[in-house]
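*Asks:* A structural model of the following input is requested.
(chains A and B)
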Amino acid sequence: MTIAIHNLHKRFGKNQVLKGIDLSIDEGRIYAILGPNGSGKTTLIKSILGMVIPDKGEISVLEQSIKKGWKYRKKIDYLPQIANFPPNIKVKELINMIKDLRNAPSTEAELIELFGLEPFLNKKLSTLSGGTKQKVNIVLTFMFDSPLIILDEPTTGLDPKALIRLKELIQKERAQGKTILITSHIMQFVEEMADEILYLLEGEIYFKGSIEKLLQQTEQTNFEHAIAAITTGSHA
Amino acid sequence: MLKILKYSFYDLIRSRWSYVYFLFYLALGFVLLFLNNDVSKAVITLMNVIIVLIPLIGTIFGVMYYYNSREFTELLLAQPIKRSSIFMGQYFGVAGSLTLSLVLGLGIPFVLYGLLRSNAIFDFSLLLITGAFLTFIFVGLSFVIAISNENKIKGFGYAVLLWLFLAVVYDGLFLMSLIVFEEYPLDTFSLVATALNPIDLSRILILLKLDISALLGYTGAIFKKFFGTDLGFLISIVILLLWTILPILGLRYKAGKKDF
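*Replies:* Alright, predicted model coming up:
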């Protein structure tokens, strides 16, 4: 079990975002965390990363409780939702900086080539377009070899070519036995990539299982419709 | 922490505002020396400018830096780095680069003018030391305010209000209380009240070292008796240190509990 979450609660002011999440994430699979806006997807991910401090509950990553720890993050590669970097720094410097901070072997050269970022290496980050920033973001995430990868809306702003590269990249990582968590609103992307769906609704896990199970349960033939029908369907 | 510090510092050193700040002090130093033609007098004029300006710049830079680097902070939070190291690194990066601008900006013209050969070197160093203290204090306070307020406008507002209070309103209240209670002995009160405000404390420290306390009359004599001695000087430095450390502790505390 890569991640084990037990009875996780989190509230922001009056807004109870997570209401007792129990979850176990197994090794070597791709999990898609889905749910309507504001259902707690990002909060759940950030709790795992230790960026959000839970009110109640236990999280352990790779058999290690994360409370007050930070070293476990060496085992996680995280792609944040909005790629916004310090404006005065060049792409190359940012990559070197993250490398320096993590102090781990990295494969950035391949990835830079894969996404065609060479012409941008000496440009300042403030001059890059949204899509190019996202590519830099992807390079920063995938250049390390960690057993757990968490991607928050990885497809944002990517052109079709880059999207194909990203999918190949994710498949390659999975083939190496890594565990991958993805949130996305692009259902086609999820359908293609995910082994298992976690559907969050109002701070609880509403559905957990494979795509086939979801289609069966909602009596739909189309994945996108199944997701839309998940909360209204007769199984609920 | 040192790595974060290095990058924050590097990032700031290359930003336009650090240069503007540096050039401003450079220009100020040259102009004052040119107009006054005397190092000691220039130090006094300089004191009046920087005692108000440093806290303001520290406050604004601190708040701006914190809010501008929020996304970057989030990127760092997902890395295997201790939380407190991230914020401490950023804090020392901002305060350090501002202090560097101050020291170099003022230092260069004074050294060129012949500071090293004049006897004002001690006064001048004291000016720079209190300037550095004020930078660290106000950057720290502004970081605490910024981390406690999600809303940029609110955070900015509170930070500027704090500056306004300590730089202007506090003196007003202080003077008013002196007038209202003029029939009572106010020596201790005024000493304590001065010591509690880092801006006032710095001003008094410099004024007394400049040996112009006679200008301050009776109060000056009391102040001289206290702050002018080695013990008074030591206590003042300790209070400035406390003012520096408390916001840092506050920042660490807030950083440990905050959700990103």
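*Asks:* what's the neighbour count on the residue in the stretch 101-250 of chain B positioned nearest to chain A?
*Replies:* Closest approach between the stretch 101-250 of chain B and chain A, counting by CB to the nearest CB: B:Glu150, at 10.1 Å. Where you see a C-beta, it was placed from the backbone N, CA and C, and this is true even at glycine. Neighbour count of B:Glu150, defined by other CB atoms under 10 Å in any protein chain shown: 12.
*Asks:* quick one: it is in a helix?
*Replies:* No: the assignment for B:Glu150 (DSSP: H, G, I helix; E, B strand; the rest coil) gives coil, which keeps it out of a helix.
*Asks:* Provide the contact partners of stretch B:135-143 at residue level.
*Replies:* Here stretch B:135-143 makes contact (CB atoms under 8 Å, 6 or more residues apart in numbering or on different chains) with B:54-63, B:66, B:87, B:90-91, B:94-95, B:98-99, B:102, B:159, B:162-163, B:198, B:240, B:243-244, B:246-248, B:250-251.
*Asks:* can you pull up the bridge partners for the residue positioned nearest the centre of chain A?
*Replies:* Nearest to the mean C-alpha position of chain A, by CA atoms, centre = their mean, lies A:Leu151 at 2.1 Å. Taking DSSP bridges, one finds A:Leu79, A:Ile182 as the beta-bridge partners of A:Leu151.
*Asks:* Show me the helices in the chain, by range?
*Replies:* Chain wasn't specified; assuming chain A. A:41-49, A:91-102, A:108-114, A:130-142, A:160-175, A:187-193, A:211-218, A:223-229 (DSSP state H).
*Asks:* nope, chain B please
*Replies:* Under DSSP H, chain B gives helices at B:2-13, B:16-36, B:39-68, B:70-77, B:83-113, B:121-148, B:152-164, B:170-180, B:187-196, B:198-209, B:217-227, B:230-257.
*Asks:* buried residues in the first one?
*Replies:* Residues of helix B:2-13 classed as buried: B:4-5, B:7-13 (neighbour count, 16 or more other CB atoms under 10 Å in any protein chain shown).
*Asks:* The second one now?
*Replies:* If you call a residue buried by 16+ other CB under 10 Å, then helix B:16-36 has these buried ones: B:17-18, B:21-22, B:24-26, B:28-30, B:32-33.
*Asks:* where does A:Phe144 land on pLDDT?
*Replies:* Here the pLDDT value assigned to A:Phe144 is 91.
*Asks:* Any stretches of chain A with poor pLDDT?
*Replies:* Counting by pLDDT under 70, chain A contains low-confidence ranges at A:82-84, A:233-236.
*Asks:* now with 80?
*Replies:* A:1, A:68, A:82-89, A:231-236 (pLDDT under 80).
*Asks:* sorry, back to before: I figured the residue nearest to the centre of chain A was touching A:Gln81, is that so?
*Replies:* No: the criterion here is CB atoms under 8 Å, and A:Leu151 misses it with A:Gln81 at 9.5 Å.
*Asks:* Nearest residue to A:Ile95 in space, please, no chain neighbours.
*Replies:* Once flanking residues are discounted, A:Ile95 sits nearest to A:Glu108: 5.4 Å by CB to CB, 6 or more residues apart in numbering or on different chains.
*Asks:* No further queries at this time; thank you.
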